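Colleague: take this sequence and fold it.
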Amino acid sequence: LVSARMVAAIAARLAALGVEPGEGVVVLAPFEEHYREAISGCGAAAILVGASVDVASGEWCVDWEEMARAVARARAVIMPTAPAAALGGVRGASRVASMAC
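Modeller: Okay, the predicted model is just below:
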């Protein structure tokens, strides 16, 4: 897929996954606002799960209980994001890898 706009590319990805109006899409926050625009453009709702940086390790941390609750409310679509991108850096590859199925 080639797209001139990030929003169009994200919306196309959601459509390909079969996301329909009224469904939820789990998104790690912070995130680029383009995600919310694309999700709402599909008629779906963004279900935000907070991610934070552990000061000691510099790794991104996710509350996995919060993630489980969000997935239970959603269509179980998890929109992968780079939470640090909104903050100008990428950290914690081990945390991202731990989310892989």
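
Colleague: how many other residues sit next to Val26?
Modeller: Around Val26 there are 22 other residues, counting by other Cβ atoms under 10 Å. For glycine as for every other residue, the C-beta is placed from the backbone atoms N, C-alpha and C.

Colleague: quick check, pLDDT for it.
Modeller: For Val26, the pLDDT comes out at 88.

Colleague: strands paired with the helix or strand that contains it, and their directions?
Modeller: Assigned by DSSP states H and E, Val26 belongs to strand 24-29. Here strand 24-29 is paired, per DSSP bridges, with strand 45-53 (parallel), strand 77-79 (parallel).

Colleague: partner residues bridging Trp60?
Modeller: Assigned bridge partners for Trp60, using DSSP bridges, are Val53.

Colleague: that one contacts Ala51, correct?
Modeller: Yes: in this structure Trp60 lies within contact range of Ala51 using Cβ atoms under 8 Å: 5.1 Å.

Colleague: sorry, back to before: could you say which one of the strands paired with strand 24-29 comes nearest to Gly18?
Modeller: strand 77-79 (8.5 Å; Cβ to Cβ).

Colleague: out of the strands paired with strand 24-29, nearest to Arg13?
Modeller: strand 77-79 (8.5 Å).

Colleague: that closest one - what's its average pLDDT?
Modeller: Rounded mean pLDDT across strand 77-79 is 65.
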